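Novice: Just to be clear, the model below is a prediction. Sequence and coordinates:
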Amino acid sequence: MPRKTAARTARLASIPLGVAGRAVGGWGKRLVGHSAEQVSAELSAKTAEQLFAVLGQLKGGAMKFGQALSVFEAAVPSEMAEPYREALTKLQAAAPPMSSQTMHRVLAEQLGRSWRERFSSFDDTPAAAASIGQVHQAVWHDGRRVAVKVQYPGADQALMSDLRQLQRFSRLFQMLVPGTEVKPLLQELTDRMSEELDYRAEAAHQRAFAKELDGDPHVIVPRVVASSPKVLISEWVDGRPLASVIRDGTRAERNRAGLLLAEFHYSSPARVGMLHSDPHPGNFMITEDDRLCVIDFGAVAQLPDGLPPAHGRMMRLALDGRSCDLLQLLREEHFLLPGVREPEAEHVYAYLAPFVEPLKGPTFHFTRRWMQKQAMRVSNMRSQDFRTGRSLNLPPQYLLLHRVLGGSTGILCQLDAELPVRDLIERWQPGFST
């Protein structure tokens, strides 16, 4: 992992410089007869390719941000979706590994010089790479197959440095995910990143999920075998990556994966008192016995009382068209910005009603087209919806919930899944049915 701030900043700075160069080239193409749509699509595609190539090389906070953006791929306009999707797939699947010598040094520091005695065998070739660590397959001394996650040296400094630098370029990233507020996303990631650096905390989260969901017929969480601040060892679970289902799954496989994912996210606050808060396809697999395997519990939201009932009441009021009651509840929950002219109740209802469209019938088909429509609707600066959205606030206690549920919805749209989301909300979201 490149650790020097100057080197990392130079790589991040290459993104807007590259965009500027392509913009000049695009202007030239316009002069020789290329259409605005052709130029825009080509510019966006090349920007996406460069963006995620740089983020993948840097790992750390840069790659973490790329993974957070990846769930919004379904909102990208169709003409640039394919190159964007390919860039994201590369980011999620692989990154340059650390050397075996460096990895061995971290294991010795964290597990002791005799760390090899804990394993019957250990594969030095990483099985997967993530934002702040890489995973190796091994066999524990008692014969269990295990996944060994080893944190990159210098991940802590790189993480925070990247996120500070990325905030400077938030407007650039905004063009890749229309309708998504990138600056608050970066701030929220920055606020939570320190939690992910201590694998002991992640191990505690994972143990809690594994204990409460033990024996569940629909979801499996690998048991933790051992942990230290920079090494986490869990039981190995084989499965088909969710990205594979997104890419070429059958209709039945897509619907099943979507249902498992949605039920996991909505039910875990009530069952575990926590919400898995890193929703991107790389953290989910489908096992041979048709269960959802969930990994990476570095980021979780503590919800000891379950999902907030006010969130359910907002959904119900928007669904029922009770605009005045909805505005009053938003006021009580601090969704209205202080010092800003209060929006009309009808405008707030018109802004929020399309988001609860999935709850109108017994099932809903989540599609890229639907998500693109919502993204374009709220990002059109000439529209009333855009003006209404700018007058609303997202309170801190809802920020993480909003990101997770939005990210989960993005994955459902990538899956092109149809599922009984109304039934899930009625069962797991407090306040919706009362």
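Specialist: Sure thing, it's come through.

Novice: Quickly note the distance from the nearest residue to residue 243 once chain neighbours are set aside to residue 125.
Specialist: Spatially, and ignoring its direct neighbours in sequence, residue 243 is nearest to residue 281 (4.4 Å; Cβ to Cβ, 6 or more residues apart in numbering). No exception for glycine: its C-beta is placed from N, CA and C like everyone else's. Per Cβ to Cβ, to the nearest Å, residue 281 is found 23 Å from residue 125.

Novice: More neighbours: which of the two?
Specialist: Ranked by neighbour count (other Cβ atoms under 10 Å), residue 281 and residue 125 place residue 281 first, with 27 against 8.

Novice: pretty sure the more buried one contacts residue 240?
Specialist: No. With contact defined as Cβ atoms under 8 Å, residue 281 does not reach residue 240; the gap is 11.3 Å.

Novice: Just name the shakiest helix or strand of the chain by mean pLDDT.
Specialist: Counting by mean pLDDT, DSSP states H and E, the chain has its least confident helix or strand at helix 5-31, which shows a mean of 42.

Novice: pLDDT weak spots in the stretch 301-434 of the chain?
Specialist: Flagging of the stretch 301-434 of the chain using pLDDT under 70 yields the residue ranges 434.

Novice: Where do the helices of it begin and end?
Specialist: Ranges of helices in the stretch 301-434 of the chain, per DSSP state H, counting those that start in this stretch, are 309-320, 323-332, 345-352, 368-379, 384-390, 396-415, 421-428.

Novice: For the fourth one, name the packing helices and strands.
Specialist: When you say that, I think you mean helix 368-379. Applying 3 or more Cβ pairs under 8 Å, 6 or more residues apart in numbering; DSSP states H and E, one finds that helix 368-379 contacts helix 78-93, helix 384-390, helix 396-415.

Novice: May I see the buried residues of it?
Specialist: Within helix 368-379, the residues that count as buried by 16 or more other Cβ atoms under 10 Å are 368, 370, 371, 372, 374, 375, 377, 378, 379.

Novice: ok, now the third one?
Specialist: With burial defined by 16+ other Cβ under 10 Å, the residues of helix 345-352 counted as buried are 345, 347, 348, 349, 350, 351, 352.

Novice: swap in the fifth one?
Specialist: Across helix 384-390, burial judged by 16+ other Cβ under 10 Å covers 385, 388, 389.

Novice: Throw these into TSV and include distance to residue 155, thanks.
Specialist: Below are the buried residues of helix 384-390 laid out as TSV (distance: Cβ to Cβ, whole Å):
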residue	distance to residue 155
385	40
388	40
389	35
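
Novice: of those, closest to residue 137?
Specialist: Taking Cβ to Cβ as the measure, residue 137 sits nearest to residue 389 out of the buried residues of helix 384-390, at 45.8 Å.

Novice: where do the strands sit along this structure?
Specialist: In the chain, the strands defined using DSSP state E lie at 119-122, 128-129, 133-140, 145-151, 219-220, 224-227, 231-235, 240-241, 274-276, 284-286, 292-294, 300-302, 364-365, 418-419.

Novice: any chance of the ones you listed in JSON lines, plus mean neighbour count and distance to residue 312?
Specialist: Output for the strands of the chain, formatted as JSON lines (neighbours: other Cβ atoms under 10 Å; distance: least, Cβ to Cβ, whole Å):
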{"stretch": "strand 119-122", "mean neighbour count": "15", "distance to residue 312": "47"}
{"stretch": "strand 128-129", "mean neighbour count": "20", "distance to residue 312": "36"}
{"stretch": "strand 133-140", "mean neighbour count": "20", "distance to residue 312": "36"}
{"stretch": "strand 145-151", "mean neighbour count": "22", "distance to residue 312": "35"}
{"stretch": "strand 219-220", "mean neighbour count": "22", "distance to residue 312": "22"}
{"stretch": "strand 224-227", "mean neighbour count": "19", "distance to residue 312": "33"}
{"stretch": "strand 231-235", "mean neighbour count": "23", "distance to residue 312": "33"}
{"stretch": "strand 240-241", "mean neighbour count": "17", "distance to residue 312": "32"}
{"stretch": "strand 274-276", "mean neighbour count": "22", "distance to residue 312": "15"}
{"stretch": "strand 284-286", "mean neighbour count": "23", "distance to residue 312": "25"}
{"stretch": "strand 292-294", "mean neighbour count": "22", "distance to residue 312": "23"}
{"stretch": "strand 300-302", "mean neighbour count": "19", "distance to residue 312": "16"}
{"stretch": "strand 364-365", "mean neighbour count": "17", "distance to residue 312": "17"}
{"stretch": "strand 418-419", "mean neighbour count": "20", "distance to residue 312": "19"}
